[in-house]
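S.K.: Task: produce atomic coordinates for the following.
(chains A and B)
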Amino acid sequence: MSAALEISGLSVRYGRSTVVREVSFSVAEGESYALVGESGSGKSTILRAVVGMARDISGTIRLSGEALEGPRGRGFARHCQMVFQDPYASLHPRRTVDAALSEPLVIHGIGTRADRADRVIEMMRAVGLDERFRFRFPHQMSGGQRQRVAIARALMLDPKLLLLDEPTSALDVSVQAEILNLLVRLREERGLTYVLVTHALPVVGFMCDRLGVLRKGRMVEEAEAGQLREGRFSDPYAQELYRFSLGAGERQGQAG
Amino acid sequence: MARLHLWLTDDAPASRWQAQAGQAFRVARSFARSPLAMLGALIILVLVVTALFAPWLAPYSPVGQNLGERLLPPSWAHWMGTDELGRDILSRVIHGTRITLLIVVMVALISAPIGLVIGAVAGYFGGWTDRVLMAITDVFLSLPKLIMALAFVAALGAGLQNAIIAIAVTSWPAYARIARAETLTFRNSEFISAVTLQGASSLRVISLHVIPLCMSSTIIRVTLDMAGIILTAAGLGFLGLGAQPPLPEWGAMISRGRSFILDQWWVATMPGFAIIVVSLGFCFLGDGLRDVLDPRQREGR
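M.R.: Predicted coordinates:
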């Protein structure tokens, strides 16, 4: 079986500076993989390269064995979706929840009007949103509720691979845990593959099987979640990163 | 009434329609708090009603001449006096609202969509598309409006229709600029990326996501520009290039009254007064709309 996502020798350039250098990793079907690093390490850029938002790239990206090139089409949209970091920026300010959630179905010509309404309600339930939020505008909701909408929107097309770009870092601590629990539950229910970008190691320990540590655009170490819990890293930078988030990691581990 | 209010302010609307109505209600409520905006809206309302019912409101015919009653000063029989052909000026001003409204509405309907689409396309695609479209826009922007309108009317021939076309051609570049600037502020934002990721075509993104967000600033600008449009139309009328006699166009009426402005001041003053009042009305309305629609003031609500 081919990997859900396989990246080999990926380099991304923004103008004259190279942001990602020769990064290779692969994520198995059903796995949850984390890309960890401080800001500016190129971790979000890798996701942007996968979805075709970064233009100047070299190397290959394979999605279930198929190499991705050029603009991503509709087939890609049904296979892979992304949840963005900032729920305040990722929802259109003038569209209701209903409009945001039914749009992917309309674009792909799925179902009749009534079908789409059913699917919207069903998905809202799945992400723990009450039905009365259906016709609200983003400004009438909290950050956590917005992020639930964003997750629901990403799942409307039933993708196999979900790219999560720091899905909780813009949220309050109490809401973060809720969203993380939701993501864990959704993965179990739907058999999703996750690629999670984060700078918080506790989040990785809570919901990922493997992780890759990035520094200045290079992958310095790949590790299993078990290694992370015990803090067994071989690379000095990865150890440093672990030490800095140690206290938080233990607390999160008990909570999870 | 109380139930309607509850329905509009429901925080869990039951349908798309109720959500939109509730949104409109909130905008209308904050609009009603500004007295100047309400004054503007009132003036425009009066203008529209007058235009609709002009034949019933006007005491005399706007074109019927009566040489026995030439150049009469304002009196109870002729509230605004009569002009050099004995026509009642009040009736002409009332009928003139139709022409003014026609010009304003037609120009807005022609130029705003053109500007909006060009600006949104330029801003969304960027690169060469942007450069070419904005170069064209700049060429139009670089010439004074009235001069360019004059040139167009001179080429197309005098008349109301051509005046409308000429004014529309000269006023879209401003809207294109605004729409482009607005588009640039959110073209790289995540909600646009998200919908692109769902496989939406550029056409869909521009028409359903980009343009609705540029709409409010364009509406504001169009409303504020209406005063300018009226003045340009009056200017063309004054120069004899707009509406042709005997149409009671306000600019043309001022131009007729110019010859005896010192002895019979009312002939030129009354239509001028109408122009000022209506222009002011549009300015107030535009200011009020800006206060309620401007996204920069809606942030965080």
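
S.K.: So which residue is dead centre in chain A?
M.R.: A:Leu164 (0.9 Å; CA atoms, centre = their mean).

S.K.: So that one sits against A:Val203, correct?
M.R.: No - if you go by CB atoms under 8 Å, A:Leu164 and A:Val203 don't touch, sitting 9.7 Å apart. For every residue, glycine as well, the C-beta is placed using N, CA and C.

S.K.: tell me, what's touching these two both at once?
M.R.: A:Leu196 (CB atoms under 8 Å, 6 or more residues apart in numbering or on different chains).

S.K.: Could you pull up the residues touching B:Pro13?
M.R.: By CB under 8 Å, 6+ apart, the contact set of B:Pro13 is A:96, A:135-136, B:19, B:22.

S.K.: Please report the distance of it from A:Met124.
M.R.: For B:Pro13, the distance to A:Met124 equals 14 Å [CB to CB, to the nearest Å].

S.K.: ok, now A:Asp56?
M.R.: Taking CB to CB, one finds A:Asp56 at 39 Å from A:Met124.

S.K.: between the two, who's got more neighbours?
M.R.: Between A:Asp56 and A:Met124, counted using other CB atoms under 10 Å in any protein chain shown, A:Met124 has the larger neighbour count: 21 against 12.

S.K.: That one against A:Arg132, yeah?
M.R.: No - the criterion here is CB under 8 Å, and A:Met124 misses it with A:Arg132 at 9.8 Å.

S.K.: Now the common contact residues for these two.
M.R.: Counting by CB under 8 Å, 6+ apart, A:Met124 and A:Arg132 have no contacts in common.

S.K.: Next one: the residue in the stretch 1-150 of chain B that chain A sits nearest to relative to A:Arg132, how far apart?
M.R.: Of all residues in the stretch 1-150 of chain B, B:Ala12 sits closest to chain A, at 3.3 Å by CB to the nearest CB. Noted for B:Ala12: a distance of 3 Å to A:Arg132, by CB to CB.

S.K.: do A:Pro104 as well
M.R.: Distance, A:Pro104 to A:Arg132, using CB to CB: 22 Å.

S.K.: Comparing those two, which residue is more hemmed in?
M.R.: Taking other CB under 10 Å, A:Pro104 and A:Arg132 do not tie; A:Pro104 has more neighbours (27 against 13).

S.K.: hang on, isn't the more buried one packed against A:Ala77?
M.R.: Yes - between A:Pro104 and A:Ala77 there is a contact under CB under 8 Å: 7.4 Å.

S.K.: Now B:Arg98. Nearest residue, chain neighbours left out?
M.R.: Nearest in space to B:Arg98, with sequence neighbours left out and distances taken as CB to CB, 6 or more residues apart in numbering or on different chains, is B:Ala51 at 4.6 Å.

S.K.: how about the one you found, what does it touch?
M.R.: B:Ala51 sits in contact with B:97-98, B:100-101, where contact means CB under 8 Å, 6+ apart.

S.K.: intersection of neighbour lists for A:Pro104 and A:Ala77?
M.R.: Common neighbours of A:Pro104 and A:Ala77 (CB under 8 Å, 6+ apart) are A:157, B:198-199.

S.K.: any chance of these in TSV, with pLDDT and distance to B:Leu6 too?
M.R.: Output for the shared contacts of A:Pro104 and A:Ala77, formatted as TSV (pLDDT from 0 to 100; distance: CB to CB, whole Å):
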residue	pLDDT	distance to B:Leu6
A:Leu157	93	37
B:Gln198	91	36
B:Gly199	90	40
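
S.K.: what does the stretch 1-150 of chain B have sitting close to chain A?
M.R.: B:11-16, B:18-19, B:23 (CB under 8 Å from any CB of the partner chain).

S.K.: Going by neighbour count, which of the residues you listed comes out on top?
M.R.: Neighbour max across these (other CB under 10 Å) = B:Pro13, 25 neighbours.

S.K.: did I read that right, it in a strand?
M.R.: No - counting by DSSP: H, G, I helix; E, B strand; the rest coil, B:Pro13 is not found in a strand; it is coil.

S.K.: Can you pull the phi/psi pair for it?
M.R.: Here is the backbone geometry of B:Pro13 (degrees, to the nearest 10): phi -60, psi 150.

S.K.: Secondary structure element for the residue most central in space within chain B, which one?
M.R.: The centroid of chain B falls nearest to B:Met226 when counting by CA atoms, centre = their mean (3.3 Å). Per DSSP states H and E, B:Met226 falls inside helix B:211-238.

S.K.: what's that helix packed up against?
M.R.: helix B:89-125, helix B:145-156, helix B:160-186, helix B:250-257, helix B:266-293, helix B:295-298 (3 or more CB pairs under 8 Å, 6 or more residues apart in numbering or on different chains; DSSP states H and E).

S.K.: Using TSV, please lay out these together with mean neighbour count and mean pLDDT.
M.R.: Putting these into TSV (neighbours: other CB atoms under 10 Å in any protein chain shown; pLDDT from 0 to 100) gives the following:
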stretch	mean neighbour count	mean pLDDT
helix B:89-125	22	94
helix B:145-156	17	88
helix B:160-186	22	92
helix B:250-257	24	89
helix B:266-293	20	91
helix B:295-298	12	52
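
S.K.: For the residue nearest to B:Arg98, report the pLDDT, please.
M.R.: B:Ala51 carries a pLDDT score of 94 in this model.

S.K.: Assign a three-state SS to it, would you?
M.R.: Of the three states, B:Ala51 takes helix under three-state DSSP.

S.K.: Check the gap between it and B:Val105 for me.
M.R.: Look at B:Ala51 and B:Val105: by CB to CB, they are 10 Å apart.

S.K.: And B:Val93, by the same measure?
M.R.: Remark: distance between B:Val93 and B:Val105 (CB to CB) = 19 Å.

S.K.: A:Glu103 too?
M.R.: As judged by CB to CB, A:Glu103 and B:Val105 stand 33 Å apart.

S.K.: okay, A:Tyr14: pLDDT?
M.R.: Reported pLDDT for A:Tyr14: 87.

S.K.: For it, list each beta-bridge partner.
M.R.: Taking DSSP bridges as the rule, A:Tyr14 bridges to A:Ser17.

S.K.: got the contact list for it?
M.R.: Contacts of A:Tyr14 (CB under 8 Å, 6+ apart): A:45, A:54, A:56.

S.K.: Let me see the contact set for the last one.
M.R.: With CB under 8 Å, 6+ apart as the criterion, the residues that contact A:Asp56 are A:12-14.

S.K.: Let's have those residues in CSV, adding distance to B:Asp291.
M.R.: Listed next are those as CSV, based on distance: CB to CB, whole Å:
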residue, distance to B:Asp291
A:Val12, 44
A:Arg13, 45
A:Tyr14, 40
